[in-house]
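> would you be able to build a 3D model of this:
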Amino acid sequence: MNTEQTVSAAVAGLQLGSTFTLDDLLHAIQNRRHRRLRVVELADLDTHDGICAVWFVTDTEDLVLHARSDSALHRQQFVLHEFAHMILGHCDGDDCPAEDVLLPNIPPYTRARLLTRQDIDCETEIAAESLADRLAAGIRGSVFAESAYSEVFG
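Residues are numbered from 1 along each chain as shown. Purely as a prediction, here's the structure:
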């Protein structure tokens, strides 16, 4: 897999342009996946617990749970990483098989994502982090554009 090509194609496929807001991105993902997407901070979860964020897929919605952090940019990166997995189609269908005997009450795709979370050197994690970085750059560009507009036109 060529990560740069994969990420570039994913960004182009969103059809958001080079700058966009987090809300624009959230709506684009919801439209693409034809389901609600919720992002929830877990106040009792801290990055020191070893989990920054996790994406759960239910029958009706996608749910991203993320740890708290004093840094808004850090929290945003947690969420964008999980969004990137959605955009790249990681764990769609049977792409993330897991043994049914482990955690039987948790859907297989969620189990697999939880169990492989520490493998940050695998291709899917590298692609997700690279795409998250590109998404963050698009959001930053939007903020800077709005800021420059306000400075010039008040």
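> okay, residue 70: pLDDT?
pLDDT, residue 70: 85.
> what does the one 4 residues further on give?
At residue 74, the pLDDT value in this model is 87.
> tell me if it really is in a strand.
No: if the criterion is DSSP: H, G, I helix; E, B strand; the rest coil, then residue 74 is helix and not within a strand.
> where are the low-confidence patches of this structure?
Along the chain, the parts satisfying pLDDT under 70 run over 1, 46-50, 92-121, 144-154.
> look up how far residue 135 lies from the closest residue in space to residue 19 that isn't next to it in sequence.
In space, and not counting its chain neighbours, residue 19 is closest to residue 141: 3.7 Å by C-beta to C-beta, 6 or more residues apart in numbering. For glycine as for every other residue, the C-beta is placed from the backbone atoms N, C-alpha and C. Using C-beta to C-beta, to the nearest Å, one obtains 11 Å as the distance from residue 141 to residue 135.
> comparing these two, which residue is more hemmed in?
Comparing residue 141 with residue 135 by other C-beta atoms under 10 Å, the one with more neighbours is residue 135, at 26 against 14.
> can you map out the helices along this structure?
3-14, 22-33, 72-87, 108-115, 123-153 (DSSP state H).
> any idea how far residue 123 is from residue 57?
21 Å.
> so those two - more neighbours on which side?
Between residue 57 and residue 123, counting by other C-beta under 10 Å, residue 57 is the more crowded of the two (17 against 12).
> show me the beta-bridge partners of that one.
residue 62 (DSSP bridges).
> isn't the residue nearest to residue 19 up against residue 17?
No: counting by C-beta atoms under 8 Å, residue 141 does not reach residue 17; the two are 9.2 Å apart.
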